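A.B. asks: Provided below are the primary sequence and the corresponding predicted coordinates.
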Amino acid sequence: MDLAPAPGAVPPPPGGHRFPLRPALPETPAETTARLRPVRPRQRWRTAAAAACVVLGLGLIGGAATGAWLTGDSSAGTARNPYTAARTAWHSVPVDTLFPPTLKGRGAGPGGTHRDWTRLAVAADSPCEEGLDPLLLTTLRSVGCERLVRATYTDATRSAVTTVGLVFTEADAAGMRALRTRFTEQKLGARRDLMPRTYAPPGTPAASSFGAGQRASWTVAPLTEIPVVVLAVSGFADGRPVAEPQPAAEAVAPDAATDIAQAGLGHEAKGIADRVERGLRRAVADLTEQPG
């Protein structure tokens with residue numbers, strides 16, 4: 001075998017050895033990758049079922065909400081609102097609840113004496129224009145008038161007659177608070193030109209002797225918890241005219257010495273108005289607690 005170097009070849013250094021050339025091995029990464037699990041194709045029926053459940057759930061929720069709105073379900077919130085319940089109380093509450101046939105006034109008379117009142121008659125519900133003087137109607141215009149209901153009572157001795165009324169307004173809580181503030185700051189409850197009208201039912205002791213000239217004491221009280229104005233006006237049952245009417249708030253004062261105060265007419269107006277107001281509040285509370 002010829003070991004002579006090929007022409008032009010560089011001889012190895014002395015003492016060196018030559019190794020035969022080997023083909024280069026392919027490089028491999030230092031880390032190995034785990035085998036990926038095969039991905040199953042998405043099952044379309046599961047996606048469709050999930051979408052159907054979402055649509056069905058939304059439909060049930062929407063249907064329940066719509067049903068509550070149409071039927072006035074208490075879960076909708078408005079059915080439990082005292083303002084909503086009170087606004088319709090003039091026709092949803094029995095008349096004997098609004099104006100009981102008899103009223104007990106324990107300690108409601110002058111000096112804490114007891115009073116008992118008997119209902120003479122109840123007026124048909126009416127627009128406020130038919131039961132309020134124009135100036136009082138104008139004063140209440142800011143809250144609107146839904147309806148007016150009234151009744152007339154007499155005391156046990158039949159010496160006094162009193163008309164009590166409830167004005168159901170269209171106002172919200174802010175409107176009623178504003179009206180109450182106005183009455184307080186401007187002392188509107190003491191103005192004689194804002195006295196309520198009397199209701200003199202035929203065939204009763206008040207029929208011919210309880211008119212505008214016989215009005216002796218009165219009260220007008222806007223409420224704030226419900227959209228109602230409570231009013232009352234009293235007079236002598238014998239029909240005597242009154243030249244100087246006196247507000248109930250003044251006539252019930254311990255030191256009041258007018259004929260009106262001494263006769264207890266301020267107590268008549270205030271006592272009857274207070275008890276009718278209490279009855280209305282209880283009725284509205286019952287309506288508010290009822291489901292639906």
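C.D. replies: Arrived safely, thanks for sending. As the structure is a computational prediction, the values presented were derived from the model and not from experiment.
A.B. asks: low-confidence ranges in this protein?
C.D. replies: Where the chain drops to pLDDT under 70, the residues are 1-80, 290-292.
A.B. asks: give the contact list for Ser208.
C.D. replies: Ser208 is in contact with 200, 239, counting by C-beta atoms under 8 Å, 6 or more residues apart in numbering. Glycine gets a C-beta too; all of them are placed from N, C-alpha and C.
A.B. asks: so it, which of the three states?
C.D. replies: coil (DSSP: H, G, I helix; E, B strand; the rest coil).
A.B. asks: try Tyr199
C.D. replies: coil.
A.B. asks: what about the residue positioned nearest the centre of the chain, which SS state?
C.D. replies: Nearest to the mean C-alpha position of the chain, by C-alpha atoms, centre = their mean, lies Tyr83 at 3.2 Å. Secondary structure assignment for Tyr83 (three-state DSSP): helix.
A.B. asks: and it, how close does it get to Thr181?
C.D. replies: 18 Å (C-beta to C-beta, to the nearest Å).
A.B. asks: just Ala251 next, same as before
C.D. replies: 24 Å.
A.B. asks: in a helix, Gly239, correct?
C.D. replies: No: Gly239 is assigned coil when assessed by three-state DSSP, not a helix.
A.B. asks: my guess is it contacts Ala207, does it?
C.D. replies: No: proximity of Gly239 to Ala207 does not meet the contact threshold set by C-beta atoms under 8 Å, at 10.0 Å.
A.B. asks: returning to what we had before: okay, Ala251 and Thr181: which has more neighbours?
C.D. replies: Comparing Ala251 with Thr181 by other C-beta atoms under 10 Å, the one with more neighbours is Ala251, at 28 against 12.
A.B. asks: what sits against that one?
C.D. replies: 217, 258, 260-261, 265-267, 269.
A.B. asks: now a ChimeraX select for only the buried ones of those residues.
C.D. replies: With 16 or more other C-beta atoms under 10 Å as the criterion, this ChimeraX line picks the buried residues out of the contacts of Ala251:
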select :217,258,260,261,265,266,267,269
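A.B. asks: coming back round to it: for the residue nearest to the centre of the chain, give its distance to Asp125.
C.D. replies: For Tyr83 relative to Asp125 (C-beta to C-beta), the value is 19 Å.
A.B. asks: residue contacts, Pro241?
C.D. replies: 213-214.
A.B. asks: could you report the distance from it to Val122?
C.D. replies: Pro241 is 26 Å from Val122, where distance means C-beta to C-beta.
A.B. asks: and what of Thr258?
C.D. replies: 30 Å.
A.B. asks: just the CA trace of the strand or helix carrying Thr181, in PDB.
C.D. replies: Taking DSSP states H and E as the criterion, Thr181 maps to helix 173-186. The C-alpha coordinates for helix 173-186 follow below in PDB (Å, rounded to 0.1, in the frame of the first residue of the first chain):
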ATOM      1  CA  ALA A 173     -92.200  61.100  49.100                       C
ATOM      2  CA  ALA A 174     -90.200  64.200  48.100                       C
ATOM      3  CA  GLY A 175     -93.300  66.100  47.100                       C
ATOM      4  CA  MET A 176     -95.100  65.300  50.300                       C
ATOM      5  CA  ARG A 177     -92.100  66.300  52.400                       C
ATOM      6  CA  ALA A 178     -91.900  69.600  50.500                       C
ATOM      7  CA  LEU A 179     -95.600  70.300  51.100                       C
ATOM      8  CA  ARG A 180     -95.300  69.500  54.800                       C
ATOM      9  CA  THR A 181     -92.300  71.800  55.100                       C
ATOM     10  CA  ARG A 182     -94.300  74.600  53.400                       C
ATOM     11  CA  PHE A 183     -97.200  74.100  55.700                       C
ATOM     12  CA  THR A 184     -94.900  74.300  58.700                       C
ATOM     13  CA  GLU A 185     -92.700  77.200  57.600                       C
ATOM     14  CA  GLN A 186     -95.600  79.400  56.300                       C
END
